[in-house]
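Colleague: Compute the structure for the input listed below.
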Amino acid sequence: MAATIDGDERVMAAAQQIVKSLGTPKNVTEDMILILSNFDNRLSTITELLSKGGGGAGRSKTEERLEAAEKIVLRWNSNSDTPRHHTSPWEDSPDEAAAYLSAVDEILQLTEDLTLSSDGEIMDHAESVLQLAMSRLEDEFRHILIRNTVPLDAERLYGSIHRISLSFTSNDGDIEDFESSAEDEHESCIEERGGSLGDDLCVDLIHPDAIADLKEIADRMIRSGYEKECCQVYSSVRRDVLDECLLILGVEKLSIEEVQKIEWRSLDEKMKKWIQAVKIVVRVLLSGEKRLCDQLFGGSELIKEVCFSETTKGCVMQLLNFGEAIAIGRRSSEKLFRILDMYDALADVLLDLQSYFADESCNFVYSEAREILSRLGEAARGTFSEFENAVQSETSRKPIQGGEIHPLTRYVMNYTRLLVDYSDSLNLLLEGSPDSSGRVEGDNNDALQLGSISPLGHRLLSLISSLESNLEEKSKHYEDAAMQYIFLMNNILYIVQKVKDSELGKLLGDHWVRKRRSQIRQYATGYLRASWSKVLSCLKDEGIGGSGSSSNVSKVALKERFKNFNLGFEEIYRNQTVWKVPDPQLREELRISISEKVIPAYRSFMGRFGSHLESGRHAGKYIKYTPEDLENYLLDLFEGSPGVLHNPRRKLST
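Modeller: Take a look at the predicted model:
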């Protein structure tokens, strides 16, 4: 458009030279002016000036210039009340728009010249015309801004960054409610969490073709002293656009009280949307707004900063208000990961906010963001402590059927594995915390072996130690001592596997794992002793008499031994086929250990004393099983479903 103005000035100079060369005859001059005006409508302004210049008697050149410019302003403004439909005359008629801007430039030049003179009446007239022109330009500025705003839908906004989400959800109920979905949710969380925010992506907030027109108008309004009106129009229009973007992103304008009344599942969705919105708003929309302000108001640093801050601070403060509501809300363990995601998201853009709102008039936005970040960190620390206390104080007394893995164990270990994914943030937040000093109750040897462990490492070590102590207490709810050991084996092995299969293994180390595996072996030994000692005692020689081949063996005592063995084995079979050992390797190892103790002892006992009963009546009543039968039945143990003994009677030779 500047090129157009320069062209008009050159045409003006050429026209004046033509008129001058024509001499003074008025009729010739008027004829030439008519020809020029018909040649190009852009010359209508110039011909008006020239025609006035031809008469000029009793009028100053300044008045003539002002009158010519005023006519253009009035002609354009005469249509200002006409309802616009789809297009603006400004956009439809670039030549007329250029002429209008030329007229404004003429008036501005006149006002600058008049400030050096004492002609107050003409100055008042010029300022009145300028005010009228500015009103029209303000209207056009608003219209072009609105009409040329680039639509931003959800797909485009979400597609502008790498989407980072966390789908860790749980119930507000007890541990048992969580157990059924804990592992699936953990795996889903691990898969979906990840990625990183790339460099700020440029999106056009205004159609590029409109930038030049907006800048031309803004420049004139600022030069005319109407920068306040220009900023107000700009920020008003752009604020509405950003408010609409927040709605598209799912961020509603809610009070702190309203946020705290939302039930968890709905709140969880809003927290996820907030996390994404923070990244999109700061890295995409604020970046775009900053670039747009630079393009339109680059000539004035102050106006550029004012327009940007007035446009964006409301949007950012709305996001921060939600963050504050979460930070001061009720603390519960299921919120921790989402709070940490919010903390990370805000921490990630904090330096950007500092640079965007560095001006003294708006640095309160950055200060508020920093304060909300601190409160979210405190909320995360407090929620973590609440979780630790919940693990220590969980006192459910109902034994888990079959000695299986307790829901508390699943919950804590899946929760703990996720905590490791937030190591950087949690180590920062827990640094200097009284609970992170290295004191690990009940497990001082572990603490010594780990040496200089991180703050999070200390807390997790203490947490798992509390879980183990809790499980030890829960095992006592089983009346059967053998089942206590099965329960402890199942749960400690589950803990070890979760540690080994995650970053926890690096955190806690090989020594920690070896110690727990040794503990599992001790439990296995305790199980064999508690479950099979009585049965194996039936296969000892003491109390039977003789050496097995002599004639003084007590058949009565022998029958009693076989009878008690059968009853003991059948009772163990009925009970322990219902018991559950989920891990196939542990299940197989237990069966092998049982078989190695029972089968050789039974085979040896049968070899020494079986012949004393086989030749007698009802031998099958006492010698009910072969060693092979017992070995097959042992394969049914720990499957979690009742087994059936067929009690086959052996065909004994006579």
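
Colleague: For the rest of this, base every contact and every neighbour count on C-alpha atoms.
Modeller: Will do.

Colleague: How much space separates the spatially closest residue to V259 that is not a sequence neighbour from L137?
Modeller: For V259, the nearest residue in space outside its immediate sequence neighbours is A325; the separation is 6.4 Å by Cα to Cα, 6 or more residues apart in numbering. A325 sits 43 Å away from L137, going by Cα to Cα, to the nearest Å.

Colleague: Looking at those two, which has the bigger crowd around it?
Modeller: L137 (24 against 20; other Cα atoms under 10 Å).

Colleague: Quick check: that one touching E216?
Modeller: No: counting by Cα atoms under 8 Å, L137 does not reach E216; the two are 9.9 Å apart.

Colleague: what residues does the host helix or strand of R220 touch?
Modeller: Secondary-structure assignment from DSSP states H and E places R220 in helix 208-223. For helix 208-223, the surrounding residues in contact (Cα atoms under 8 Å, 6 or more residues apart in numbering) are 1, 104-105, 108, 134, 137-138, 141, 144-145, 148, 227, 230, 295-297.

Colleague: 6 Å instead, please
Modeller: With contact meaning Cα atoms under 6 Å, 6 or more residues apart in numbering, helix 208-223 is reached by E227, L296.

Colleague: following that helix, which helix or strand comes up?
Modeller: Later in the chain than helix 208-223, the nearest helix or strand by DSSP H and E is helix 227-248.

Colleague: same for that next one, what does it pack against?
Modeller: Counting contacts by 3 or more Cα pairs under 6 Å, 6 or more residues apart in numbering; DSSP states H and E, helix 227-248 is packed against helix 301-327.

Colleague: Now do the very next helix or strand once past the helix it packs on against helix 301-327, angle only.
Modeller: Per DSSP H and E, the first helix or strand lying C-terminal to helix 301-327 is helix 336-356. Per axes from the mean of the first three to the mean of the last three Cα atoms, to 10 degrees, the angle that helix 336-356 makes with helix 301-327 is 170 degrees.

Colleague: Pull out the buried positions in helix 336-356.
Modeller: Of all the residues in helix 336-356, those buried under the rule 16 or more other Cα atoms under 10 Å are 336-347, 349-350, 352-354, 356.

Colleague: again, but for stretch 457-464
Modeller: Within stretch 457-464, the residues that qualify as buried are G457, H458, R459, L460, L461, S462, L463, I464, counting by 16+ other Cα under 10 Å.

Colleague: State whether the third one is indeed within a strand.
Modeller: No: R459 is assigned helix when assessed by DSSP: H, G, I helix; E, B strand; the rest coil, not a strand.

Colleague: Report the separation between it and A380.
Modeller: Computed as Cα to Cα, the R459 to A380 distance reads 14 Å.

Colleague: just I262 next, same as before
Modeller: If you measure I262 against A380 using Cα to Cα, the figure is 19 Å.

Colleague: neighbour-wise, which of these two wins?
Modeller: Using other Cα under 10 Å as the criterion, I262 and A380 rank with A380 on top: 27 against 12.

Colleague: what angle sits between the helix or strand harbouring the more buried one and helix 336-356?
Modeller: Element membership of A380, judged by DSSP H and E, is helix 363-393. Between helix 363-393 and helix 336-356, the angle comes out at 160 degrees (the same axes, to 10 degrees).

Colleague: Give me the buried positions along the helix or strand harbouring E138.
Modeller: When secondary structure is defined using DSSP H and E, the element that contains E138 is helix 120-147. Residues of helix 120-147 classed as buried under the neighbour-count rule (16+ other Cα under 10 Å) are 122-123, 125-127, 129-131, 133-135, 137-138, 140-146.

Colleague: name the helices or strands packed onto that helix?
Modeller: On the basis of 3+ Cα pairs under 6 Å, 6+ apart, helix 120-147 makes packing contacts with no helix or strand.

Colleague: could you give the mean pLDDT of the next helix or strand after it?
Modeller: Remark: after helix 120-147, the chain's next helix or strand is helix 154-159, criterion DSSP H and E. Computed over helix 154-159, the mean pLDDT rounds to 72.

Colleague: I'd like to check what contacts helix 154-159. Which residues are they?
Modeller: Outside of helix 154-159, the residues that reach it under the criterion Cα under 6 Å, 6+ apart are I248.

Colleague: and that helix, how far from the chain's centre?
Modeller: With Cα atoms, centre = their mean, to the nearest Å as the basis, helix 154-159 stands 16 Å off its chain's centre.

Colleague: Give the burial count for Q260, as a bare number.
Modeller: 17.

Colleague: Now the closest residue to it other than its chain neighbours. Its backbone dihedrals?
Modeller: For Q260, ignoring the flanking residues on the chain, the nearest one in space by Cα to Cα, 6+ apart is G329 at 6.1 Å. For G329, the backbone dihedrals (degrees, to the nearest 10) come out as phi -80, psi 180.

Colleague: begin at 580 from here
Modeller: All right, first residue 580 from here; so that's G908.

Colleague: now G908: how far from T962?
Modeller: Applying Cα to Cα, one obtains 11 Å for the distance of G908 from T962.

Colleague: Show me which of these two is the more surrounded one.
Modeller: Neighbour count, other Cα under 10 Å: between G908 and T962, T962 has more, with 21 against 15.

Colleague: show me what contacts the more buried one?
Modeller: With Cα under 6 Å, 6+ apart, T962 has these contacts: R910, S912.

Colleague: can you pull the pLDDT of it?
Modeller: According to the predicted model, the pLDDT of T962 comes to 94.
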